[in-house]
Structures are given as structure tokens and as C-alpha cells.
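Visitor: A predicted structure for the sequence below; I have some questions about it.
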Amino acid sequence: MPFVKKILLISILIFPFNLLLKAQENYEIQVYSSPTMTKGKTIFELHSNFTFDGHQEPTDAIVPTQHSLHETLEITHGLFENFEVGFYVFTDYTPGHGYKFVGSHIRPRYTAPQKWKLPFGLSISAELGTQKKQYSVDQWSIELRPIIDKQWNKCYLSVNPVLGVQLKSATKQTAPSFSPNVKFSYTATSKISPGIEYYGDMGTLKHFESLSNQTHAVFAVLDLYVDPKWEFNFGPGFGLTNTAERFVFKSYIGRRINWKRDLAAVNTNSTTVNL
């Protein structure tokens, strides 16, 4: 089938980057949906995550997470039909360590066009970037994130089976790591969708860690759709294993911009004022 050949081609083109890859930490806690930004449009997002109950001592020379505030600016632009590029800036404030710039990532993503007539949404992204060694064991990393989602009436499910390998790291990884992310939500009203999000890190594909050394966390979230230009997501998260932060509250707010329409509106308002 033609769409199968296209999926294989995309996988072959991106797979070499997968050998350099490690899933990012909790600076941007989000399960992705498959659609990409419309060509010519941009979304600005601010991700804010506060760790109420985390690691109080340094782990592998990494700054502890207790009472850490992570702020991430994400800018995503639709370059072509079904293709977008995202850019991230990570920052951290931890008591005793101050407010720091942590690193940045870039993320191209392609989504399967509607003409493929798939029974589900499908896209794939490759995220490459760097983080300071005080905040991550992986100074350089890239992640490969397939995204598969489906809407059934009022129910929505998204699965992100993330693969990660290191490029430059304080630890040695023998195979890609596996970090599954899953989201289920229910459209309660036209503006409110409660849901559950799961985030895990099970170890490498060659050797899964024991359950106590894996990372598993669940978030109870709420998505708000008060305006087509805006998006909101927030909720508490609870670690289920010792390696996960025990209590984190996360949120993000996004603002979409249609440059042609918004600039035309600005020009119209300026003309009206001048008259």
C-alpha cells in the first residue's frame, strides 16, 4: 500500500538520528497529538512544572528536583503542509541554585496527510538538543517520537512510544531507551476535557530495568478550549515508583497566531485610527 511505503521511507530517513537519542526530562510534560501546525501559522507555548515533592539530594551530580520550577518556552511553526518545526528553551529555578538557563532543543515533525486515509492519526518527530550537565546526564540528545492517536465520539486516545539514545552523556547506554507516554481524555463539554496522562521510562530496549528502578507517573489533567486561538492544559502528577518525583503540578498555555490574518487585522485597525 502507498501509505505503508511512505511510513517506511520516513522511518528510514529519521532512524539514523535515533541512534543518538535520549528522552528529555520533565521540562515539558506533554503527550503529543498527531496534527501538525497549519502552514504559515505559529503557536507559542509556556510550559510550567513545579515539583512539590521530589528528590532532595543530588543524583549522579544532577541538581535535586525538590521545589524546582521548570519553565519552557516552545515555539512551533508550520513550514509546509503536514510539516512543522518546534524550538524549545529550558530554564530551571531550584532553591539554593538560582534561576538558570538549562538548554534548548529543535524538533521537526511530519504528520500523515488525510489523503492516506489512515484509520488513526499518525505523525513522527525527531527532537535534537543540549542540556547542561548539572541538570541532565545527557548533555546532547535526540528523541524519536512516533505519535498515534484516535478520536471515538467523545473519547480521545494518544500513544507516544518514545525512543531515546545518547549523543554525549555522563552514562553509557547500550541501546535505545523506551519511554512510553499515553493520554486518554473525554470531551465533557465543548470547552472542557478531563483526562489521564501516563509517563514512563522503562530502561533500554536491550534491558528493561526492574520495576523499582523504572519511572512511572500519572497525571490527572484538564484541557480547556475557551478560544480557538488559545489552549490550556494543567493538572497534578503523582510518581508511582521511587525514581519518579512524588508530586508535580504541570501546566501549559498556548497562543496560536495566523500571521496573515493577524497582521491584516493590525493594518486594518491602524488604518481606522489614522482616518
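Guide: Received the coordinates, thanks. Residues are numbered from 1 along each chain as shown.
Visitor: How about the secondary structure of the residue nearest the centre of the chain?
Guide: Central residue of the chain (CA atoms, centre = their mean): Gln30, 4.4 Å from the mean position. Three-state secondary structure (criterion: DSSP: H, G, I helix; E, B strand; the rest coil) places Gln30 in coil.
Visitor: what number of residues lie near Tyr135?
Guide: 23 (other CB atoms under 10 Å). Any C-beta I mention is one placed from the backbone N, CA and C, and that applies to glycine too.
Visitor: and if you look at Ile106?
Guide: Ile106 is flanked by 13 other residues according to other CB under 10 Å.
Visitor: contacting residues for it?
Guide: 85-88, 127-129 (CB atoms under 8 Å, 6 or more residues apart in numbering).
Visitor: avg pLDDT for stretch 177-184?
Guide: Across stretch 177-184, the average pLDDT comes to 96.
Visitor: quick one: contacts of that stretch?
Guide: For stretch 177-184, the external contacting residues (CB under 8 Å, 6+ apart) are 21-23, 31-32, 155-165, 195-205, 208, 221.
Visitor: where do the strands sit along the stretch 151-275 of the chain?
Guide: Ranges of strands in the stretch 151-275 of the chain, per DSSP state E, counting those that start in this stretch, are 155-169, 177-186, 192-201, 215-224, 230-239, 247-258.
Visitor: out of these, which comes closest to Gln114?
Guide: Distance to Gln114, taken as CB to CB, is lowest for strand 155-169 among these, at 17.7 Å.
Visitor: Give me the helices and strands touching the closest one, please.
Guide: strand 138-152, strand 177-186 (3 or more CB pairs under 8 Å, 6 or more residues apart in numbering; DSSP states H and E).
Visitor: mind giving me a markdown table with those and columns for distance to Gln66 and mean neighbour count?
Guide: Shown next, in a markdown table, are the helices and strands packed on strand 155-169 (distance: least, CB to CB, whole Å; neighbours: other CB atoms under 10 Å):
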| stretch | distance to Gln66 | mean neighbour count |
| --- | --- | --- |
| strand 138-152 | 21 | 20 |
| strand 177-186 | 23 | 19 |
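Visitor: what about burial for the contacts of stretch 177-184, which qualify?
Guide: Neighbour-count burial (16 or more other CB atoms under 10 Å) applied to the contacts of stretch 177-184 gives 21-23, 31-32, 156-160, 162-165, 195, 197-204, 221.
Visitor: List the neighbours of stretch 192-209 that are in contact with it.
Guide: With contacts defined as CB under 8 Å, 6+ apart, stretch 192-209 is touched by 23, 26, 29, 31, 156, 163, 173-188, 213-225, 235, 237, 243.
Visitor: Now the terminal residues of that stretch, how far apart.
Guide: Terminal residues of stretch 192-209 are spaced 37 Å apart (CA to CA, to the nearest Å).
Visitor: Buried residues of stretch 124-135, list them for me.
Guide: Buried-residue list, stretch 124-135, by 16+ other CB under 10 Å: 124-131, 135.
Visitor: where's stretch 71-85 relative to the chain centroid, distance-wise?
Guide: 12 Å (CA atoms, centre = their mean, to the nearest Å).
Visitor: cool, and stretch 89-101?
Guide: That offset, for stretch 89-101, works out to 20 Å (CA atoms, centre = their mean).
Visitor: Tell me the buried residues in it?
Guide: By neighbour count with 16+ other CB under 10 Å, stretch 89-101 contains the buried residues 89-92, 94.
Visitor: what would these look like in JSON lines with pLDDT?
Guide: Below are the buried residues of stretch 89-101 laid out as JSON lines (pLDDT from 0 to 100):
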{"residue": "Val89", "pLDDT": "97"}
{"residue": "Phe90", "pLDDT": "97"}
{"residue": "Thr91", "pLDDT": "97"}
{"residue": "Asp92", "pLDDT": "96"}
{"residue": "Thr94", "pLDDT": "95"}
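Visitor: Which members of the residues you listed occur in strands, if any?
Guide: Here DSSP state E is the test, and these give 89-92, 94 as lying in strands.
Visitor: Tell me the one of those residues nearest His55?
Guide: Thr94 (10.7 Å).
Visitor: Just give me how far stretch 191-208 sits from the chain centre.
Guide: Worked out by CA atoms, centre = their mean, stretch 191-208 lies 11 Å from the chain centre.
Visitor: Start and end of that stretch, how far apart?
Guide: Using CA to CA, one end of stretch 191-208 lies 40 Å from the other.
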